[in-house]
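[1] One predicted model, sequence on top.
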Amino acid sequence: MSFLMRKQFVLVMILFAGSMLAGCSWIMPENVEVTGAKSDNKKPMAPVVVDGTRTSYADIVEKSSPAVVQITATFKRTETSTGGFELRPQLPGPRLPAQGAGSGVLVSEDGTILTNHHVIKDADKITVENSDSKVYDAEVVGSDEPSDLAVIRIKGEKFPFLKLGDSDSVRIGDIVLAIGNPLGIGQTVTSGIISAKGRRTGIGDGAFQDFLQTDAPINQGNSGGALVNVNGELIGINSQILSQFGGSIGIGFAIPSNMAKSVMDQLIKSGKVRRGMLGVNIQDVNEEIAKQFGLASPEGVIVSNVNETGAAAKAGVKRGDIITKLNGEKVEDGNFLRNKVAGTMPGTEVSLTIFRDKKEQEIKVTLDEFDLKLLPGGRNDEGGMDRTEPKQNGKLGVSVQPLTPDIASRFKVPAGVKGVVVTSVDPQGPAALTGIRPGDVIMEVNRQIVESIDDMRAAIDKSGSGGVLLLINRQGQTVFLTVRP
């Protein structure tokens, strides 16, 4: 190849290579310093963007991580309930006070830190270690068990902190980062998306939960840490995980920042949180309940029990009422109503739209103040239940007996409750699938009062092949359950 031809060939190859580069949608940010080039630009390297897609979250992490701290809670006793955070193992030798490690988030430059109630619960001493490995003693400003939130404070000034974002504006699918101190290994960042909103796990007392669910890996020790969006705003406080083995399986829960802010503001102002209360037990309305009560479609929540001295009872709310709206806003489910009422100050008058006798009406209720002691205790101990082999009995798959004083005492049935008591349940029957268990008292069948086995059988026979609506009393708590024979 002659010199001229070689020169032309090289020129063609250069032009060809240039055209290939021009066809790639690759963007070099303006503040990126190219290796080997002379430049006085000392700005941090911005994330490279390819085809409009972010390839790094380093700038968000750099902005957010200094505000996330490690919390060590020390307990005098050697055995303690640690909730969702990690107990540090004891070394051989003299037995030392137990220590638990969790996380927290600085939310103002004065050293105010948001964390979980279960991280600092019953702690005799709390220390905080920041990203620079500096350790501070912390004092408790206030702690709120129903929301699992706590506020602590360290002394100092001009601490790095995270601004609280608007968790109500978060959408399913939004990218988030979880920052915390899992398993005591040091600060760790994981990424994922918002998988769901408005979740309620029932873990703990299950009082006021409105979790953001995320698949960003969260483990023990992450409790109290930050869930941030791509703007570096705090949108949640990591609180719980759902796991069979204790490690992350991609189902984690964070307390929304809007709820955290409301609780934090009250704790800082008065050291406690005040909440409104209706004084009712409620449950979601399913298709069978809607059909039994003449509702066109499943909506709202049904009142399964009314506290006789509570605000709702004083206003005229009755068991069997279906609450469809609160202050004109549609009630989506029980968790929605519970959190809305709790977020309203005691003494406030609210308007309930209820469905009763196949028509709507408005009831004004002046809210009482929520008392933690009034929370139902979740699942009760089944001590003294019938341990005999369950037998299939009738359409529902249950065996029942009349409620005599002896049986009432055996199954711890509260005084004044009338009905028939379930003594055994076929584990493969329809009643078991609904959650009925020995010791439950069946008070009503399809809204008909039941005081004998004959009453129950006759009411079930009237229902034909359709669903059977039962009103159950379980150690003082009443609930509607639908069983399909």
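    Right, received. Where do you want to start? Numbering: from 1, shown residues only.

[2] Just name the shakiest helix or strand of this protein by mean pLDDT.
    Here the helix or strand of the chain ranked lowest by mean pLDDT, DSSP states H and E is strand 26-27, holding a mean of 31.

[3] Now the phi/psi pair for the spatially closest residue to Val445 that is not a sequence neighbour, please.
    By the measure of CB to CB, 6 or more residues apart in numbering, the closest residue to Val445 outside its immediate chain neighbours is Ala459, 3.7 Å from it. C-beta coordinates here come from the backbone N, C-alpha and C atoms, glycine included. The phi/psi pair for Ala459 (degrees, to the nearest 10) reads phi -70, psi -40.

[4] what's the answer for Glu288, then?
    According to degrees, to the nearest 10, Glu288 has phi -70, psi -40.

[5] That one contacts Gly467, doesn't it?
    Yes. Glu288 lies in contact with Gly467 (CB atoms under 8 Å); the separation is 3.9 Å.

[6] which residues do these two both contact?
    482, 484 (CB atoms under 8 Å, 6 or more residues apart in numbering).

[7] Quick check: Val69 is in a strand.
    Yes. Assessed by DSSP: H, G, I helix; E, B strand; the rest coil, Val69 belongs to a strand.

[8] Could you measure from it over to Gly100?
    15 Å (CB to CB, to the nearest Å).

[9] Below-threshold pLDDT in the stretch 251-400 of the chain: ranges please.
    372-394 (pLDDT under 70).

[10] Quick one: residues in contact with stretch 256-269.
    107, 112, 114, 141-144, 147, 149-151, 164-168, 170, 208, 210-212, 233-237, 272-274, 339, 343.

[11] Report the spatially closest residue to Thr348, excluding sequence-adjacent ones.
    Nearest to Thr348 is Leu367, by CB to CB, 6+ apart, at 5.4 Å.

[12] Ala123 now?
    Ala73 (3.7 Å).

[13] Over to Ile194?
    In space, Ile194 is closest to Asp174, 4.7 Å off (CB to CB, 6+ apart).

[14] Spit out the contact partners of the one you found.
    193-194, 229-230.

[15] switch to 7 Å and redo it
    With contact taken as CB atoms under 7 Å, 6 or more residues apart in numbering, Asp174 is in contact with 193-194, 229.

[16] next one: Asn181
    Counted by CB under 7 Å, 6+ apart, Asn181 has contacts 70, 101, 103, 187-188, 221.

[17] For Arg410, state which of those residues is nearest.
    Taking CB to CB as the measure, Arg410 sits nearest to Gly221 out of these, at 45.0 Å.

[18] Which helix or strand contains that closest one?
    Using DSSP states H and E, Gly221 falls within no helix or strand.

[19] Please indicate which of the contacts of stretch 256-269 are buried?
    107, 112, 114, 141-144, 147, 149-151, 164-165, 167, 170, 208, 210-212, 233-237, 273, 339 (16 or more other CB atoms under 10 Å).

[20] what pairs with Cys468 across the strands?
    Residue 468: Val, not Cys. Val483 (DSSP bridges).

[21] residue closest to the middle of the chain?
    The centroid of the chain falls nearest to Phe211 when counting by CA atoms, centre = their mean (3.6 Å).

[22] now the helices for this structure?
    3-22, 58-64, 117-120, 257-270, 287-292, 311-315, 334-342, 405-410, 430-434, 453-462 (DSSP state H).

[23] Pick the most deeply packed of those.
    Comparing those by mean neighbour count (mean count of other CB atoms under 10 Å), helix 117-120 ranks first with a mean of 25.

[24] From the chain's centre, how far out is that helix? Work that out for me.
    The gap between where helix 117-120 is centred and where its chain is centred comes out at 16 Å by CA atoms, centre = their mean, to the nearest Å.

[25] Which elements pack onto that helix?
    strand 68-75, strand 135-144, strand 149-154 (3 or more CB pairs under 7 Å, 6 or more residues apart in numbering; DSSP states H and E).

[26] Please produce a markdown table containing these, extended by distance to Gly294 and mean pLDDT.
    What follows is those, written out as a markdown table (distance: least, CB to CB, whole Å; pLDDT from 0 to 100):
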| stretch | distance to Gly294 | mean pLDDT |
| --- | --- | --- |
| strand 68-75 | 53 | 91 |
| strand 135-144 | 40 | 95 |
| strand 149-154 | 41 | 96 |
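
[27] pLDDT on stretch 107-120, on average?
    Average pLDDT, stretch 107-120: 95.

[28] pLDDT averaged over stretch 218-236, what's the number?
    92.
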